[in-house]
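K.L.:
what follows is a predicted protein model with its sequence.
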Amino acid sequence: DIMMKMTSIVMYVAPIGVFCLLSRTFANVGFEAFVPMVKYMLGVLLALAVQCLVVYMIMLWLLARVSPIMFLKKFFPVMAFAFSTATSNATIPLNMETLERKMGVDRRISSFTIPLGATINMDGTSIMQGVAVVFTAQLFGVPLGPVEYATVIATATLASIGTAGVPSVGLITLSMVFNSVGLPLEGIALIMGIDRILDMTRTAVNITGDAVCTTVVAKQAGRINMDVYNDPDAGKDVDVPDAA
């Protein structure tokens, strides 16, 4: 409770910090860099949307044979909380409680998969790093071939597995991805000022992936109560912190 209260306090002033980061970035780089950055942001957001709303939902339907629409309705408050905090670790208690009381997932499943996923299942971070490499390569005129793309895929995947579930840590591991294909690290400084909003979005994608995998495992192991999952009123009393 104390940690969640501290997180809520930080989130009250977070929008001011995000505004200052964005203002400083565009004041330094000028208006000519505005269009490429918008394209980068839209590219990342589109890829994250496809991963969250298409890939994950297909996994639920094919592997667990449950309703993706019901999942999204019940899980949206957790996604909103993850978006506001931009940290996977802070969402672990709410994620587990939502899965147990709203989805009917056995606590013995979620207590293992959710903390594990918060550490090594960073799909959103991998997506951002891949798009960032292409954006920076085009910005600095560095050609990328099939070998470089394969290297980026492997390095981004490994970097996301070792990424901690705290805000903006993906930018730190991004330097490793840049070095693997010889891109200048100055590109990270350009991305850094607009990364906060993207960080919030990819965190929501990351924790959604954790919950989807947990639901699939629970369904295949026979550790999910489908009556609870299909009940739209189940778990309505789950307390969501103010930050959401």
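P.N.:
All right, it came through fine.
K.L.:
show me what contacts Ala159?
P.N.:
By Cβ atoms under 8 Å, 6 or more residues apart in numbering, the residues touching Ala159 are 125-126, 129, 173-174, 176-177. Any C-beta I mention is one placed from the backbone N, CA and C, and that applies to glycine too.
K.L.:
quick check: which element contains it?
P.N.:
Per DSSP states H and E, Ala159 falls inside helix 146-161.
K.L.:
from the chain's centre, how far out does the strand or helix carrying Arg202 sit?
P.N.:
For Arg202, the element it lies in under DSSP H and E is helix 195-220. Chain-centre distance of helix 195-220: 6 Å, with Cα atoms, centre = their mean, to the nearest Å.
K.L.:
touching whichever helix or strand comes after it from outside, list them.
P.N.:
Counting by DSSP H and E, the element after helix 195-220 in chain order, helix or strand, is helix 226-229. Identification of contacts with helix 226-229 by Cβ under 8 Å, 6+ apart yields 66-67, 70, 101-104, 234-235.
K.L.:
does Thr155 touch Leu174 like I think?
P.N.:
No. Using Cβ atoms under 8 Å, Thr155 is not in contact with Leu174, being 9.9 Å away.
K.L.:
neighbour count: the two, which is higher?
P.N.:
Neighbours were counted for Thr155 and for Leu174 using other Cβ atoms under 10 Å; Leu174 has more, 27 against 22.
K.L.:
low-confidence stretches in this structure?
P.N.:
3-4, 7-8, 10-12, 14-15, 17-18, 21-22, 24-26, 28-33, 162-170, 237-244 (pLDDT under 70).
K.L.:
where along it do the helices fall?
P.N.:
Applying DSSP state H to the chain gives helices spanning 2-29, 34-50, 56-59, 68-85, 92-101, 107-120, 123-140, 146-161, 170-180, 186-192, 195-220, 226-229.
K.L.:
check the gap between the nearest residue to Thr113 once chain neighbours are set aside and Ser23 for me.
P.N.:
Excluding its sequence neighbours, the residue lying closest to Thr113 (Cβ to Cβ, 6 or more residues apart in numbering) is Thr214, at 4.4 Å. Relative to Ser23, Thr214 is positioned 39 Å away (criterion: Cβ to Cβ, to the nearest Å).
K.L.:
neighbour-wise, which of those two wins?
P.N.:
Using other Cβ under 10 Å, the more surrounded residue of Thr214 and Ser23 is Thr214, with 26 against 11.
K.L.:
surely that one is in contact with Gly117?
P.N.:
Yes. Between Thr214 and Gly117 a contact is recorded at 7.3 Å, counting by Cβ under 8 Å.
K.L.:
list only buried entries from the contacts of helix 226-229.
P.N.:
Neighbour counting by 16 or more other Cβ atoms under 10 Å classes 66, 70, 101-104, 234-235 among the contacts of helix 226-229 as buried.
K.L.:
from these, which single one is nearest Ser84?
P.N.:
Taking Cβ to Cβ as the measure, Ser84 lies nearest Lys102 of the buried ones among the contacts of helix 226-229, at 19.2 Å.
K.L.:
grab the nearest non-local neighbour of the closest one.
P.N.:
Gly235 (3.5 Å).
K.L.:
spit out the contact partners of the one you found.
P.N.:
74, 98, 101-103, 228.
K.L.:
next: Val131.
P.N.:
Counting by Cβ under 8 Å, 6+ apart, Val131 makes contact with 40, 43-44, 47.
K.L.:
buried subset of those residues, written for ChimeraX?
P.N.:
Filtering the contacts of Val131 down to the buried ones (16+ other Cβ under 10 Å) takes a single ChimeraX command:
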select :40,43,44,47
